[in-house]
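A.B. asks: coordinates only, sequence not included:
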């Protein structure tokens, strides 16, 4: 995994492996050439903004998967917290455990004033490059439009 710094569309995505809650987790390198990964960094399970954001992704899951894109929620909560949140919100995608916030740091998804996650969405293309990057909670339609128009196969 590369170190922290600025991240922008077109950059190679920092590689990482994180454990999942309901599946095998994610080794970003294994997706190259096959699928895209949509990473939704969020501060904590069961907070209103995050619940709304991940529920919107849940409701658009068929659209993400139709574009060969698998969404993942990412924060520092443990697997038990994630599992309860997945069940409570009926999320059909995995939540990754970023213990120590090393991946959030590498993706510039931390608040500048604290070691807390700043809501951030990153989509990594099939070629390993970042095809979408935004702080906040952009609507799924905006993310899906960027994915649909990406030239990320090469």
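C.D. replies: Alright, I've got the coordinates. The structure displayed is predicted, hence computed values, not measured ones. Numbering: from 1, shown residues only.

A.B. asks: and the residue lying closest to residue 139 once chain neighbours are set aside, what helix or strand is that in?
C.D. replies: Nearest non-adjacent residue to residue 139, counting by Cβ to Cβ, 6 or more residues apart in numbering: residue 56, 6.7 Å away. C-beta coordinates here come from the backbone N, C-alpha and C atoms, glycine included. Residue 56 is part of helix 48-59, with elements assigned from DSSP states H and E.

A.B. asks: for that helix, packing partners?
C.D. replies: Applying 3 or more Cβ pairs under 8 Å, 6 or more residues apart in numbering; DSSP states H and E, we find helix 48-59 packed against strand 36-41, helix 79-89, helix 140-149.

A.B. asks: closest to residue 120 out of the ones you listed?
C.D. replies: Smallest distance to residue 120 across the helices and strands packed on helix 48-59 (Cβ to Cβ): 4.3 Å, for strand 36-41.

A.B. asks: tell me the angle of that closest one relative to helix 48-59?
C.D. replies: If you take axes from the mean of the first three to the mean of the last three Cα atoms, to 10 degrees, strand 36-41 sits at 160 degrees to helix 48-59.

A.B. asks: Report the strands that pair with strand 36-41, each with its relative direction.
C.D. replies: With DSSP bridges as the test, strand 36-41 is paired with strand 69-75 (parallel), strand 120-124 (antiparallel).

A.B. asks: Low-confidence regions, the chain specifically.
C.D. replies: Low-confidence segments of the chain (pLDDT under 70): 1-5, 47-50, 154.

A.B. asks: Cool, thanks, talk later.
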